[in-house]
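K.L.:
okay, here's the prediction I keep looking at, along with the sequence it came from:
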Amino acid sequence: MNIAFYGSSLLSSYWNGAATYYRGILRALAERGHCITFYEPDAFDRQAHRDIDPPEWACVVVWPATPEGLAAVLAEARDADVVVKANGVGVYDRELLEGVLRHAGPDALKIFWDVDAAATLDEMRGDADHPVRRALPQLDMVFTYGGDPPVVEAYEGFGAREFGSCDAGVARVFSEPAFVVFLQKSRKNVVAAPPDQNLLVAVLRGGFGFVQPLQRAVMPLVQKPGFRFGNPHQIHLVQNDPERANRPF
């Protein structure tokens, strides 16, 4: 899939804590065959404080934070299979969200990725004209960074639906690993998920995932017990291969 991602910055974590989060998620997607284009504005002096060079696993487009630069990158949304607008870009956030919805192709998935759900929900509660509230009927999905049930329930209160609802025109709310899992659903005739997918989700969630029976993971977790040497020596404090404590060093 061709994924157009509109975010704060992939190249710099300068006043941008989401950078390392984006790098991990998007690199994992690229390793699974998806084509990533990340659009970041030249703003807040981030380009002068880059942490990394443009990576080989993503195309990074740095656009001038001007109306002309905004129009140019929004026009490219029409060629993507998935368009993602993350919050906290810092410039033209409303225009980016409205623009990707307007320019995305008719069959493209339109996603809002909320990397600061608590702040976004507070803003939405205090502003009936908030751009995210207005965009929910046009969004296919909302991904959140953390929050779990309280955040999902809050978004549902604004009209979004939880995972499993397929009502047309109603956004669904996911926790962050769902993005990886959803894109893997494009594979056909798959009976069971490969181990790397399960392990990826486990890593993203910071927990431990199950490996399905008869699958070979990265390496066997349990091996038959046995000695490396048939008659191992007792280890002493003096040396590693003791036969006599007074052997020369």
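P.N.:
Now that the structure is in, tell me what you want to look at. Residues are numbered from 1 along each chain as shown.

K.L.:
next SSE after the helix ranked longest in the chain?
P.N.:
Longest helix in the chain by number of residues (criterion: DSSP state H): helix 19-31. Next along the chain after helix 19-31, taking DSSP states H and E as the criterion, comes strand 35-42.

K.L.:
tell me the mean pLDDT for that following strand?
P.N.:
Average pLDDT, strand 35-42: 98.

K.L.:
per the record, what domains does this protein have?
P.N.:
Domain assignment for the chain by automatic domain parsing gives 2-186, 191-249.

K.L.:
where among those is average confidence lowest?
P.N.:
Comparing mean pLDDT across the domains of the chain, the weakest is domain 191-249, with a mean of 45.

K.L.:
which stretches of this protein form strands?
P.N.:
Assigned by DSSP state E, the chain shows strands spanning 2-6, 35-42, 59-64, 82-86, 109-114, 141-144, 161-162, 172-175.

K.L.:
give the contact list for the closest residue in space to Ser12 that isn't next to it in sequence.
P.N.:
Closest residue to Ser12 apart from its sequence neighbours, by CB to CB, 6 or more residues apart in numbering: Arg46 at 3.9 Å. C-beta here means a position set from N, CA and C on the backbone, and glycine is covered the same way. Residues near Arg46 by CB atoms under 8 Å, 6 or more residues apart in numbering: 8-9, 11-12, 14-16, 40.

K.L.:
try it again at 6 Å.
P.N.:
Counting by CB atoms under 6 Å, 6 or more residues apart in numbering, Arg46 touches 9, 12, 14.

K.L.:
my read: the last one touches Asp51, true?
P.N.:
So that's Tyr14. No. Judged on CB atoms under 6 Å, Tyr14 makes no contact with Asp51 at a distance of 7.9 Å.
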